[in-house]
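Colleague: need a 3D model of the following:
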Amino acid sequence: MELLALILAGLFAGVSPAGLVGETIAADAIASQLESVEGTRVRIDAVPLHNVARGRVQKVRIALRGASVAPLAAYPDVELRIDRLEVETDAIDLDWDSLELRQPMRAGVRLVLRREDLDATLRSLVETFPTSDYDLVDPQLMFLEGDRFRFQLEVREDDGDRALIILETGVNIPAGRQIELVDPIVRVEGEDAPDRLLDDITTGLNKRLDLARLEEEGLFVRIVRFQTDGDNLDMAAIVGLERF
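Modeller: Residues are numbered from 1 along each chain as shown. Predicted coordinates:
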């Protein structure tokens, strides 16, 4: 959700309190908030125009293609390429003096990620992990049938021993508000991990992936689509913001 905040910050840099609506300026301002972007389109609906001076915009549509972001604050050198990002807001009512919303804002968001881009991000992330007696080699992410995912990598120790680790899981999103792992599998050199360890990992991750936790920070998220086609992960969500 930090990405959405960055995009909105860029948007309002192109919508001035004097009532000027510069879609090209807004697109450039949004691009400046990202590591890089291949294409940016912005459409701002504000009628009558003087409403912008009051901080009121009827609708904003933003489309990004090939946007690169650094999604992990702890690893600023690890970038993720977003193949497509589309945002369409409801009406926005902003106090220009405080840059705070006078009323909650809602938006529809669509996000498309390519498997090869996620793979590249995972490789970069693994390379940042400090290791002394072993190396993490050849991480791979695969989209399987039935919206299941497989991640694997090889651990190579300095003495020549190696082990292939495979993590596989399905995903369920009840009511669009919690991402749950379904029938997860962890294998080390073909041997299944103990059930108790798997249960502990699944329980911990399911709690962290509860989107309702974000509501304490004034952010409402409901996922309405989450599907893969072998090469792409396509997600859509309704997002509500009480504050930036």
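
Colleague: C-alpha only now, for contacts and for neighbours.
Modeller: OK.

Colleague: element containing residue 78?
Modeller: Under DSSP states H and E, no helix or strand contains residue 78.

Colleague: right, I mislabeled it, should have said residue 164
Modeller: Assigned by DSSP H and E, residue 164 falls within strand 162-172.

Colleague: okay, residue 89 and residue 241: tell me how far apart.
Modeller: 11 Å (C-alpha to C-alpha, to the nearest Å).

Colleague: if you could redo that for residue 212, that was the one I meant.
Modeller: 13 Å.

Colleague: residues that sit against both of these two, list them.
Modeller: residue 220 (C-alpha atoms under 8 Å, 6 or more residues apart in numbering).

Colleague: quick revisit: ok now the strand holding residue 164, how far from the chain's centre?
Modeller: Offset of strand 162-172 from its chain centre (C-alpha atoms, centre = their mean, to the nearest Å): 21 Å.

Colleague: from residue 44, how far out is residue 106?
Modeller: Going from residue 106 to residue 44 by C-alpha to C-alpha gives 15 Å.

Colleague: oh sorry, the question was meant for residue 103
Modeller: 19 Å.

Colleague: hey, what's residue 109 bridged with?
Modeller: Beta-bridge partners of residue 109, counted by DSSP bridges, are residue 87, residue 237.

Colleague: so who does it touch?
Modeller: Contacts of residue 109 (C-alpha under 8 Å, 6+ apart): 85, 86, 87, 88, 236, 237, 238, 239.

Colleague: one more time with 7 Å, if that's ok
Modeller: The neighbourhood of residue 109, defined by C-alpha atoms under 7 Å, 6 or more residues apart in numbering, consists of 86, 87, 88, 236, 237, 238.
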